[in-house]
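The sequence isn't on hand, but the structure is:
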């Protein structure tokens, strides 16, 4: 009797699982097929200067020889940043909403946002002494309180692993191309 019940339960799960698994795919495809959404993500990637993320991924990768490493960086130097944005945006559109892309693009195009981007890619290590509190500029305090910014920055932070993954994929594609 147990065998019959387990078999019936197993078959019912096997037959219904594909129906549940197929449901999220159209939403992701719709986001990726919407040209305005993809363009918004491209604009965000441009304001984030994501081509520098690509260089960071390349510098953390292992190569068989120093010559291969130099060849990869030479290919990256010849690849226009706009091409990187175009390659990455369709894959990131399902993960980054159009509202988040628009809000974070707006933020990164402000003087303070430009400073954040500069510090992200160009700052050295900083030492914080125990008990010291970081100084937060007034413009950052104001920005941190905006509800749209809070929501968008959280979503973008959640998408960061996917951005790194897509950067790695694009790096592999560029490496395989003959340039």
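Arrived safely, thanks for sending. Since the model is a prediction, treat every value here as computed from it, not as a measurement.

Could you chop this protein up by domain?
With automatic domain parsing as the criterion, the domains of the chain are listed as 1-27, 34-176.

what's the straight distance from one end of the longest one to the other?
End-to-end distance for domain 34-176, by C-alpha to C-alpha, to the nearest Å: 29 Å.

Just the mean pLDDT for that domain, thanks.
On average, the pLDDT along domain 34-176 is 88.

In terms of secondary structure, what does the longest helix that the chain contains contact?
Ordering each helix of the chain by length in residues (DSSP state H) puts helix 147-176 first. Counting contacts by 3 or more C-beta pairs under 8 Å, 6 or more residues apart in numbering; DSSP states H and E, the secondary-structure elements packed against helix 147-176 are helix 51-60, helix 66-78, helix 81-92, helix 98-108. Any C-beta I mention is one placed from the backbone N, CA and C, and that applies to glycine too.

Now do that helix against helix 51-60: the angle between them, please.
Angle, helix 147-176 to helix 51-60, by axes from the mean of the first three to the mean of the last three C-alpha atoms, to 10 degrees: 50 degrees.

just use 14 as the starting number from now, easier for me
Done: numbering now begins at 14, and the last item shifts to helix 160-189.

can I get the helices and strands packed on helix 160-189 in a markdown table with distance to residue 144 and mean neighbour count?
Written out in a markdown table, the entries for these read as follows (distance: least, C-beta to C-beta, whole Å; neighbours: other C-beta atoms under 10 Å):
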| stretch | distance to residue 144 | mean neighbour count |
| --- | --- | --- |
| helix 64-73 | 32 | 17 |
| helix 79-91 | 42 | 13 |
| helix 94-105 | 40 | 19 |
| helix 111-121 | 31 | 20 |
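
Alright, that wraps it up for me.
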